[in-house]
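[1] Sequence first, predicted coordinates after that:
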Protein chains: 2
Amino acid sequence: MSGSALIGIDWGSTNLRAYRFDGSGVVVATRESAQGIVNIRDRGFEAALLALCADWIDSTPNTVILMSGMIGSRQGWIEAPYAPCPASSGDVARQLTRIDTSVAPAWIVPGISVVAENGVYDVMRGEETQIFGAIDSAASAFVIAPGTHSKWIDIENRGIRNFRTFMTGELYSLLRSHSLLGRLMIDAPHDADAFSRGVRIGLEGDLTGHLFGVRTEGLFARIAPAALASYLSGLLIGAEIHSATQGPSRWVELQKASTLRIIGTAAISGSYRNALAQAGMTNVELVDAHHATARGLWNIATQSTQLREPK
Amino acid sequence: MSGSALIGIDWGSTNLRAYRFDGSGVVVATRESAQGIVNIRDRGFEAALLALCADWIDSTPNTVILMSGMIGSRQGWIEAPYAPCPASSGDVARQLTRIDTSVAPAWIVPGISVVAENGVYDVMRGEETQIFGAIDSAASAFVIAPGTHSKWIDIENRGIRNFRTFMTGELYSLLRSHSLLGRLMIDAPHDADAFSRGVRIGLEGDLTGHLFGVRTEGLFARIAPAALASYLSGLLIGAEIHSATQGPSRWVELQKASTLRIIGTAAISGSYRNALAQAGMTNVELVDAHHATARGLWNIATQSTQLREPK
């Protein structure tokens, strides 16, 4: 990044975050807005970006912008093609997609794709950047990025070798907001006992067969309405862990992996750590998601020759 | 039923159906309305019943009414307690719940409950009546009642020995109407190829891990938008069959059961028959749901001494 200044952008469906780096990769400022891509009207991407950090760009000559996340999806600013697995941060740095803006050169990090053993594709977009910021010098690792679409990632030779997506977060929202199960629930703080009970059942696998139990546990007053949402959350996370660790190939090694890294916010990462402990996986390290994203953007930027090309 | 005439009522969440029987159990008339219990205001249950069949009651002395379904739930006319498994039609006939109406004696069939090996309750309400109409003289059988909350029922000694509920139909509706997956879909007739492909993946188990594939199969244009809903349906039904047949206890016997009976409408039963065939279960017999309900109500009524008690 010699001779230019980096602004890193994490642009997801519902949020937009900007990181200002100094010349050695230290984040000197962070800003955030609710201008995720689903909230942008009439393709006003450049306006949203400038509203957040035009002053940073104006005040620094030779600024370059590197963006990751849903901004590179079909619904985003421009579609940045997926890089196939295996993919390292160096591979990704060679496949950036250029965007024309009126103020500074801007690039988008590709998502990553993989074809599962049954022939079905899986994709990620945004998590790859977090992962490259979280694995550091680890040659091999297992990483979990929980969320709407939870990812379990198998890292080998510093690259993403394979990964799987679980719709845990989206299922939780759907069931909480729109299902017969949700009608029995009262909003309340996290209930650790009910969560743990859900995890225990969820770890049996067989999710469709256990979901109806959320209704009956409520119906028979065995779990209070204020604790039912935590039970559902535990059930879904338990089922995710079951699926991720029972499948074919290297995933079974997760059970004996020395350390598992979870990239997320404190609340969700803590829930996953507790659920993993119930499954016998206790060597878990939590990585802050925002920190990982910023480091990932910096790592990719420093490896890219594209970013230093003339306009 | 000597000396009295039976009206059988199948009263679910969204529909109300009435069957008029002659003295030998033949259905001589059927009526239907959209006055399911969720559409009844101010507890107007009696008014809804009379709107459908007051003339039947008026024209026949000694009419008795027997009802099954969600009318006996906490949200219904009166809560009819669950009968525990194992439960035969005779057991159920001894546990009817009386309702006071202004026109004729009326009774509600209890639902059935069971406690699974992991301690979680399961319940049915309405399906028990269909089952008692579908198993006839079969001493042992396996029965599937697909729907919003699909039931797999293990019949022994003409009674319901055990059963399990799968939220297949409700998950389909939620994912079709409210999820990110649904946004990629276009309404279209059933696509047999996409359905079969979904069943194949669903039979691997691991539902949360496969749902995201509905998105990627659409994203990579491997399944057309008009066929994606059929793929999702196959995936969910395949996962249900996997769960029902992989679990502990007698359920594995389903794989080798001589005949499996499916109670349902033609469309849904046909889909299940095709999916079961893909799982190697080909001895499947389809039973019409309305026919089974009417027979079940008659069977229970003829075994009940309560129905013949004086007011």
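    Good, I have the coordinates.

[2] in the stretch 1-150 of chain A, which spans are helices?
    Secondary structure of the stretch 1-150 of chain A (DSSP state H, counting those that start in this stretch): helices located at A:45-59, A:89-93, A:127-134.

[3] Make TSV from those and add mean pLDDT, distance to chain B and mean neighbour count to it.
    Any C-beta I mention is one placed from the backbone N, CA and C, and that applies to glycine too. TSV is the format used below for the helices of the stretch 1-150 of chain A (pLDDT from 0 to 100; distance: least, C-beta to the nearest C-beta, whole Å; neighbours: other C-beta atoms under 10 Å in any protein chain shown):
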stretch	mean pLDDT	distance to chain B	mean neighbour count
helix A:45-59	95	20	16
helix A:89-93	96	19	20
helix A:127-134	96	13	28
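
[4] Now that we have the ones you listed, can you turn them into a markdown table and tack on distance to A:I144?
    Listed next are the helices of the stretch 1-150 of chain A as a markdown table, based on distance: least, C-beta to C-beta, whole Å:
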| stretch | distance to A:I144 |
| --- | --- |
| helix A:45-59 | 29 |
| helix A:89-93 | 19 |
| helix A:127-134 | 10 |
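
[5] Just tell me which of the ones you listed ends up closest to A:L276.
    Across these, A:L276 has its closest neighbour in helix A:127-134 (16.4 Å, C-beta to C-beta).

[6] Can you measure across stretch A:219-233, start residue to end residue?
    18 Å (C-alpha to C-alpha, to the nearest Å).

[7] ok, it near chain B or not?
    Yes - legend: contact between stretch A:219-233 and chain B by C-beta under 8 Å from any C-beta of the partner chain is shown at A:L219, A:F220, A:R222.

[8] how close does the first one sit to A:G264?
    Taken as C-beta to C-beta, to the nearest Å, the spacing of A:L219 relative to A:G264 amounts to 33 Å.

[9] Can you tell me which of the residues of stretch A:219-233 next to chain B are buried?
    Listed as buried from these are A:L219; burial here means 16 or more other C-beta atoms under 10 Å in any protein chain shown.

[10] Of the residues of stretch A:219-233 next to chain B, which is the nearest to B:R183?
    The nearest member of the residues of stretch A:219-233 next to chain B to B:R183, counting by C-beta to C-beta, is A:L219 at 32.7 Å.

[11] follow-up on the earlier one: just so I know, which of the helices of the stretch 1-150 of chain A lies nearest A:N157?
    Nearest to A:N157 among these is helix A:89-93 (10.9 Å), distances taken as C-beta to C-beta.

[12] And that closest one, how far out from the chain middle?
    Distance, stretch centre to chain centre, for helix A:89-93: 18 Å (C-alpha atoms, centre = their mean, to the nearest Å).

[13] ok, now stretch A:184-202?
    So, by C-alpha atoms, centre = their mean, the centroid of stretch A:184-202 is 23 Å from its chain's centroid.

[14] Would you mind pulling the contact partners of the helix or strand hosting A:R197?
    Assigned by DSSP states H and E, A:R197 belongs to helix A:192-202. Identification of contacts with helix A:192-202 by C-beta atoms under 8 Å, 6 or more residues apart in numbering or on different chains yields A:210, A:213, A:223-224, A:227-228, A:230-242, A:271, A:274-275, A:278-279, B:118, B:120.

[15] Could you write out the alpha-carbon coordinates of that helix in CSV?
    Extracted in CSV, the C-alpha atoms of helix A:192-202 (Å, rounded to 0.1, in the frame of the first residue of the first chain):
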residue,chain,number,x,y,z
ALA,A,192,-29.3,-20.3,29.6
ASP,A,193,-31.1,-23.4,30.9
ALA,A,194,-33.7,-23.5,28.1
PHE,A,195,-30.9,-22.8,25.5
SER,A,196,-28.9,-25.7,26.9
ARG,A,197,-31.9,-28.0,26.9
GLY,A,198,-32.5,-27.1,23.2
VAL,A,199,-28.9,-27.8,22.3
ARG,A,200,-29.1,-31.2,23.9
ILE,A,201,-32.1,-32.1,21.7
GLY,A,202,-30.7,-30.4,18.7
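
[16] Cool, thanks, talk later.
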